[in-house]
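Trainee: Sequence first, predicted model second:
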Amino acid sequence: MTTHNKSRRAFIKTTGVTGIGLTVLPGFLQAAPIAAGNPFSQQPLPYDYKALEPVIDAMTMEIHYSKHAAAYAKNLAEACAAEKVDTNSAKLEDVLRNASKYSAKMRNNGGGHYNHELFWQCMRPGAASKPAGKLATAIDQSFGSFEAFKTQFTDAGKNRFGSGWAWLVLTADKKLAIGSTPNQDNPLMDISDLKGTPLLGLDVWEHAYYLKYQNKRPDYINNWWNVVNWEFVQKRYELG
Ligand code: MN3
């Protein structure tokens, strides 16, 4: 509900709680919003189409954001209207958690919209090359090292057959896990085998890389590590 987000923002503003450990955060603070604005609507891209070059070319970014992702947002709005989801009071995460109770159109476009909104924020020009802080420690503890984590995540993206996403998630018992989902499913969905709060997502649909990388998905993923916005991922981890 919107009130949750408002309370959360107000809480953070008045207490400066952002930097503290997730164990002391009340439950209602969980599931950090991806960006400002109505989560059911497409938000402005946080950088220029060309900002992530040479890793992601401007043409790919423009088509991806203004055509593919825009279509998911438009179709999600239609599904919400048809299935009586009030986009001013509902929580997108709750719709996704109950994906099995809605139409395929809601599942595909709710996931498609959420996944892309997260994906844009997961990247930035001039990004740090690796995580820091509590997330860096947790990655080392969970996967052995940052390099081992990268290899496992890269494999999840490479090995996802057809279209889908690779994910780093925070599970219900607050552990890090790597996996992938098909199509536009995501780990919040009740129908997903991989379950958890998405911290980092990578689009491995061909539309995300084909113009520059053609069939070479592994090259796209290897280069993509250079634009991962670790500060954003760390914030999501710390907010749980
Ligand atoms: Mn895409």
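Mentor: Looks like it arrived, so ask away.
Trainee: Please, where are all the strands along this structure?
Mentor: Using DSSP state E, the strands assigned to the chain run over residues 164-170, 176-182, 197-203.
Trainee: roughly how far is the second one from the heart of the chain?
Mentor: What that stands for is strand 176-182. What separates the centre of strand 176-182 from the centre of its chain is 12 Å, taken as C-alpha atoms, centre = their mean, to the nearest Å.
Trainee: ok, is that strand in contact with the ion or not?
Mentor: No - interface with the ion: strand 176-182 contributes nothing (C-beta under 5 Å from the ion), its closest point being 12.8 Å away. In this view, the C-beta of every residue, glycine as well, is placed from N, C-alpha and C.
Trainee: Residues in contact with that strand: which ones?
Mentor: 138-139, 142-143, 149, 152-153, 156-157, 159-171, 187, 189, 192-194, 196, 199, 204 (C-beta atoms under 8 Å, 6 or more residues apart in numbering).
Trainee: which among the residues you listed end up buried?
Mentor: Among those, those buried by neighbour count (16 or more other C-beta atoms under 10 Å) are 138-139, 143, 149, 152-153, 156-157, 160, 164-170, 187, 189, 192, 194, 196, 199, 204.
Trainee: Now do the same for the residue nearest to residue 112 when sequence neighbours are not counted: its pLDDT.
Mentor: Take residue 112 and drop its neighbours on the chain: the residue closest to it by C-beta to C-beta, 6 or more residues apart in numbering is residue 72, 3.3 Å away. If you check residue 72, the pLDDT there is 98.
Trainee: Enumerate every residue touching residue 72.
Mentor: By C-beta under 8 Å, 6+ apart, the neighbours of residue 72 are 108-109, 112-113, 116, 184.
Trainee: For this structure, which helix or strand comes out least confident on mean pLDDT?
Mentor: helix 2-15 (a mean of 41; mean pLDDT, DSSP states H and E).
Trainee: which one is residue 196 nearest to, not counting chain neighbours?
Mentor: Of all residues not flanking residue 196 in the chain, residue 169 sits nearest, at 3.1 Å (C-beta to C-beta, 6+ apart).
Trainee: thinking again about what came up before, just the contacts of residue 72: which are in helices?
Mentor: Secondary structure of the contacts of residue 72 is defined by DSSP state H; positions in helices are 108-109, 112-113, 116.
Trainee: what about residue 89, how many neighbours?
Mentor: As a burial measure, residue 89 scores 9 neighbours (other C-beta atoms under 10 Å).
Trainee: Against residue 59, how distant is whichever residue of the chain sits closest to the ion?
Mentor: Distances between the chain and the ion by C-beta to the ion are smallest at residue 203, namely 4.2 Å. Residue 203 sits 16 Å away from residue 59, going by C-beta to C-beta, to the nearest Å.
Trainee: These two: who's more crowded?
Mentor: It is residue 203, of residue 203 and residue 59, that has more neighbours when counted by other C-beta under 10 Å, with 26 against 13.
Trainee: Just give the closest residue to that one, not the sequence neighbours.
Mentor: Residue nearest to residue 203 in three dimensions, not counting chain neighbours: residue 119, with 5.3 Å by C-beta to C-beta, 6+ apart.
Trainee: Same question for residue 92.
Mentor: Nearest residue to residue 92, sequence neighbours excluded (C-beta to C-beta, 6+ apart): residue 39, at 4.5 Å.
Trainee: Next up, the contacts around that neighbour.
Mentor: Taking C-beta under 8 Å, 6+ apart as the criterion, residue 39 is in contact with 33, 91-92, 114, 117.
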